[in-house]
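> Here's a sequence, model it:
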Amino acid sequence: MESEADDFLARRVHQILDRIRRAAERAGRSPEAVRLVAATKTVPAERIREGLGAGLSLLGENRMQEALAKVALLRDLSPQWHFIGQLQRRKVRDAIGTFELIHSVDSVELAQEINRRSGDAGVKQAVLLEVNIAGEASKAGFHPDTLMRGLGILGDLPHLRIQGLMTIPPPTEQPEEARPHFRGLRELGARIAAEGIPSLVMQEFSMGMSHDFEIAIEEGATLVRVGTAIFGARHV
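The predicted model follows:
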């Protein structure tokens with residue numbers, strides 16, 4: 001028999017999926033073009049297991065050690081895992097092959113390390129390039145102009161599959177205030193695509209979280225990272 005907590009989580013998951021569908025339809029997009037990444041930082045494995053039973057299938061983790069423990073505990077359910085937090089170069093080896101997609105490649109040097117480790121492992125790792133779209137001094141990520149200058153180097157890394165871009169806009173009181181930043185990421189993706197570098201595929205745009213994911217979808221997000229709107233406030 002399903003507990004009240006299970007039922008509440010299932011309702012939240014279904015509500016988020018419905019909001020994704022409606023946001024995509026408002027923008028004239030197919031809902032299937034948008035995937036929900038359930039952000040599970042600090043969420044216990046058993047709670048994540050309940051979420052998988054409620055319809056989640058794609059999980060995003062921020063911290064490597066926490067992620068590896070959960071990957072082991074939930075292996076029987078075969079969820080897909082994305083790494084969505086800041087990736088330290090000394091943790092790259094652990095990430096290779098564990099995560100279907102790394103969202104947070106924030107420098108040429110990190111990209112080169114992932115490429116080297118992927119080559120050692122005999123795999124090609126799918127990644128997104130993280131862009132500091134607003135140029136915030138306190139935030140990681142490529143400045144758009146720096147990224148454009150580094151495309152030649154990035155495009156020559158044979159063990160990476162660069163799939164698109166990710167951003168976290170500045171905190172805003174109103175979700176609508178994030179729209180220019182999401183639009184800017186899509187426009188940057190179009191600029192990169194126009195360079196015609198075959199290995200730089202701009203098909204994924206990871207943008208939008210619990211408070212603004214609907215705006216992000218309207219501006220072209222293909223991956224939205226939603227945590228608190230599903231699991232409630234984090235307990236760090």
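> where's residue 141 relative to residue 224, distance?
Distance, residue 141 to residue 224, by Cβ to Cβ, to the nearest Å: 18 Å. Glycine gets a C-beta too; all of them are placed from N, C-alpha and C.
> Going along the chain, name the helices of the protein.
Taking DSSP state H, the helices of the chain run over residues 4-26, 45-53, 64-73, 92-95, 108-121, 144-149, 151-155, 179-194, 213-218, 228-231.
> Could you count how many residues lie near residue 190?
Neighbour count for residue 190, taken as other Cβ atoms under 10 Å: 11.
> meant to ask about residue 200
20.
> now swap in residue 100 and tell me
13.
> Now do the contacts for it.
By Cβ atoms under 8 Å, 6 or more residues apart in numbering, the contact set of residue 100 is 80-82, 126.
> Is it possible to mark the buried ones in those?
For these, a neighbour count by 16 or more other Cβ atoms under 10 Å gives the buried set as 81-82, 126.
> Just put the residues you listed in JSON lines and tack on pLDDT and distance to residue 60.
As requested, those are exported to JSON lines (pLDDT from 0 to 100; distance: Cβ to Cβ, whole Å):
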{"residue": "81", "pLDDT": "98", "distance to residue 60": "8"}
{"residue": "82", "pLDDT": "98", "distance to residue 60": "5"}
{"residue": "126", "pLDDT": "98", "distance to residue 60": "14"}
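> low pLDDT regions in this protein?
Residue ranges of the chain with pLDDT under 70: 1-5, 235-236.
> make it 90
Residues of the chain meeting the criterion pLDDT under 90: 1-7, 137-138, 173, 233-236.
> Which of the helices of the chain sits closest to residue 204?
Residue 204 sits nearest to helix 179-194 of all the helices of the chain, at 9.1 Å, using Cβ to Cβ.
> Now that closest one: buried residues?
Buried positions in helix 179-194, judged by neighbour count with 16+ other Cβ under 10 Å: 179, 181-186, 188-189, 192.
> okay, now the residue nearest to residue 164 when sequence neighbours are not counted: neighbour count?
Of all residues not flanking residue 164 in the chain, residue 204 sits nearest, at 3.4 Å (Cβ to Cβ, 6 or more residues apart in numbering). For residue 204, the neighbour count with other Cβ under 10 Å is 21.
> wait, what's in contact with residue 35?
By Cβ under 8 Å, 6+ apart, residue 35 lies in contact with 58, 222-224.
> do that again at 6 Å, thanks
Applying Cβ atoms under 6 Å, 6 or more residues apart in numbering, we find residue 35 in contact with 58, 223.
> Leaving aside the residues adjacent along the chain, what's closest to residue 148?
In this structure, residue 148 finds its nearest non-sequential neighbour in residue 191, 6.8 Å apart by Cβ to Cβ, 6+ apart.
> can you check residue 216 too?
Closest residue to residue 216 apart from its sequence neighbours, by Cβ to Cβ, 6+ apart: residue 208 at 2.6 Å.
> distance of that neighbour from residue 226?
To residue 226, residue 208 is 8 Å away according to Cβ to Cβ.
> out of the two, which sits in the busier spot?
Neighbour count, other Cβ under 10 Å: between residue 208 and residue 226, residue 208 has more, with 29 against 24.
> Quick check: that one touching residue 221?
Yes: the pair residue 208 and residue 221 passes the contact test of Cβ atoms under 6 Å, sitting 4.9 Å apart.
> Tell me, how many residues neighbour residue 86?
With other Cβ under 10 Å as criterion, residue 86 counts 15.
> How about the contacts made by it?
Residue 86 makes contact with 104, 140, according to Cβ under 6 Å, 6+ apart.
> rerun at 8 Å
When contacts are counted by Cβ under 8 Å, 6+ apart, residue 86 touches 62, 104, 106, 140.
> Wait, residue 74 touches residue 49, no?
Yes: using Cβ atoms under 8 Å, residue 74 is in contact with residue 49, at 6.3 Å.
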